[in-house]
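# sequence plus predicted model, see below.
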Amino acid sequence: MGIHSRLLPILAVLSLIVASGTVSYTIAQVSEQEARQIFEQLGCTSCHGSIAPSWEEMINLFQDWATRYDSIDQAVVSEVKGVAASSYAQLMQTMASFVGASPDDPGMKKLEEFFLQVFQEAGGAPPPAETTPPAETTPEEQTTPTQQPQPPEEGITFGEAAVIATLIIVVILVLAYVLSRS
Ligand code: HEC
């Protein structure tokens, strides 16, 4: 096999890797359209839009908070007056209970991820539990005075992880095939 004919399959594998990276990045982001649909389907609009801020108002709120607070937890604790919340995660648990949804509901996880995204994209830092390296803060210091145990934070859902895993397997198979022929 000449050097050029071996270059093509390698390029193919490289583009697959780039493609799978792009796909996994895209599915890790929650679009506003999807988030808003979940918001309406879960029934959050029974309060938000009347007694609580509307969808647009909430997005403006999170963007505004990002300019004034270091973390989303700080913003929630200082700004949300209508309900008691000691952290962003805990606020979202309360909101889930308002519509009778489990805090682990995939839709709730997406909404939680979405508002965090809005906050981060406007320049704010994420909650310490998710991204702060262990060296800076010890998790023991951040005890939340809640009765319920906090559910584990999930970056991506199981379905998304399965898609990523499948793509990785495909890349490995193609690579193995190419290597076995050279
Ligand atoms: C029973 C009424 C009610 C329902 C249902 C409800 N909320 Fe709320 N929500 C509130 C109130 C009241 C506040 C506090 C508003 C304030 O003081 O800023 C709030 C605040 C929030 C905040 C903080 C930002 C803000 O507007 O202050 C988020 C985020 C939020 N809710 C998300 C949700 C989501 C997601 C759902 C659906 C799963 C939901 N809420 C359902 C009443 C409700």
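Received it, and whenever you're ready, just let me know what you need. Residues are numbered from 1 along each chain as shown.
# what's the spacing between the residue most central in space within the chain and the ligand?
In the chain, the residue lying closest to the centroid (Cα atoms, centre = their mean) is Glu113, at 3.5 Å. Counting by Cβ to the nearest ligand atom, to the nearest Å, the gap from Glu113 to the ligand is 11 Å. The C-beta positions use only the backbone N, C-alpha and C, and glycine is treated the same way.
# which strands and helices sit next to the host helix or strand of that residue?
Assigned by DSSP states H and E, Glu113 belongs to helix 106-121. Helices and strands touching helix 106-121, by 3 or more Cβ pairs under 8 Å, 6 or more residues apart in numbering; DSSP states H and E, are helix 32-42, helix 55-68, helix 72-79, helix 88-98.
# next secondary structure after the helix or strand of the chain with the lowest mean pLDDT?
Within the chain, no helix or strand scores below helix 128-131, which has a mean of 59 by mean pLDDT, DSSP states H and E. Per DSSP H and E, the first helix or strand lying C-terminal to helix 128-131 is helix 158-181.
# report the buried residues of that following helix.
160, 163-164, 167, 171, 175 (16 or more other Cβ atoms under 10 Å).
# before we move on, back to that, for the helices and strands packed on helix 106-121, which one sits closest to the ligand?
Proximity to the ligand (Cβ to the nearest ligand atom) singles out helix 88-98 among the helices and strands packed on helix 106-121, at 3.5 Å.
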